[in-house]
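>>> here is my input, please return the structure:
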Amino acid sequence: MNKPQVNIAHAVTEDYRKTLEQIIRDGVCPFCVDFCQGNKPRYHPNPIIIETDWWAVTKNMRPYPGSSLHLLLVYKKHVLYPWEIDQKAWDDLRNVMKKLATDYSLTHGTLFQRFGDTEFTGASVTHFHGQLIVGTSRNEGTDPLVVYCGYKVPGK
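So this is what the prediction gives:
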């Protein structure tokens with residue numbers, strides 16, 4: 001791959017910056033290497049917890065502060081956009097979500113997906129993926145979870 005598959009500007013820690021620098025030197029997509037080729041993950045420290053023909057699920061290596069669960073759902077083919085995904089993969093994602101709901105006793109959560117140019121999405125990896133984030137209820141003393149999903153339009 002010629003164009004870097006990661007956006008180092010979105011590294012949130014120095015350790016993660018070093019990992020992204022290594023990925024750039026290696027000239028690979030880290031999700032393809034770690035989740036799509038059947039190899040032991042090289043860049044991601046957490047094991048795959050669910051794997052199907054279409055998806056690999058793992059705990060996020062940098063869970064959002066305040067989350068009780070933060071999972072990464074990686075589509076196992078290198079695409080940038082959700083409309084490039086096979087319909088069978090969407091059906092399979094529903095089954096993956098049902099399994100996650102059972103395994104983690106989920107009654108709530110936020111599922112979001114990033115696609116396209118990381119300069120606009122806040123993502124660090126240019127490969128279609130989703131995140132499942134679980135927080136707690138709104139109570140006295142709780143603050144909202146903050147999720148990067150892009151950047152504000154100036155003046156709006």
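
>>> partner strands of the host helix or strand of V57 and their direction?
Using DSSP states H and E, the element containing V57 is strand 55-59. With DSSP bridges as the test, strand 55-59 is paired with strand 48-51 (antiparallel), strand 69-75 (antiparallel).

>>> what's the lengthiest helix in the chain packed up against?
The longest helix of the chain (DSSP state H) is helix 87-103. Contact here means 3 or more Cβ pairs under 8 Å, 6 or more residues apart in numbering; DSSP states H and E; on that basis helix 87-103 packs against strand 48-51, strand 55-59, strand 69-75, strand 129-134. The C-beta positions use only the backbone N, C-alpha and C, and glycine is treated the same way.

>>> who touches the shortest one?
Read that as strand 48-51. 35, 41, 56-59, 71, 96, 99-100 (Cβ atoms under 8 Å, 6 or more residues apart in numbering).

>>> repeat the analysis, applying 7 Å as the threshold.
For strand 48-51, contacts defined as Cβ atoms under 7 Å, 6 or more residues apart in numbering pick out 35, 56-59, 96, 99.

>>> flag every buried residue along the strand holding V57.
Across strand 55-59, burial judged by 16 or more other Cβ atoms under 10 Å covers 55-58.

>>> try stretch 88-108
By neighbour count on 16+ other Cβ under 10 Å, the buried set for stretch 88-108 is 89, 92-93, 96-97, 100.

>>> can I get those in CSV including pLDDT and distance to I48?
Putting these into CSV (pLDDT from 0 to 100; distance: Cβ to Cβ, whole Å) gives the following:
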residue, pLDDT, distance to I48
A89, 97, 16
D92, 97, 15
L93, 97, 15
V96, 98, 12
M97, 97, 16
L100, 98, 13
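
>>> in the chain, which residue is most central in space?
Nearest to the mean C-alpha position of the chain, counting by Cα atoms, centre = their mean, stands L72 at 4.0 Å.

>>> now the buried residues of strand 55-59 as JSON lines including pLDDT and distance to E21?
Below are these laid out as JSON lines (pLDDT from 0 to 100; distance: Cβ to Cβ, whole Å):
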{"residue": "W55", "pLDDT": "97", "distance to E21": "28"}
{"residue": "A56", "pLDDT": "95", "distance to E21": "24"}
{"residue": "V57", "pLDDT": "96", "distance to E21": "26"}
{"residue": "T58", "pLDDT": "95", "distance to E21": "22"}
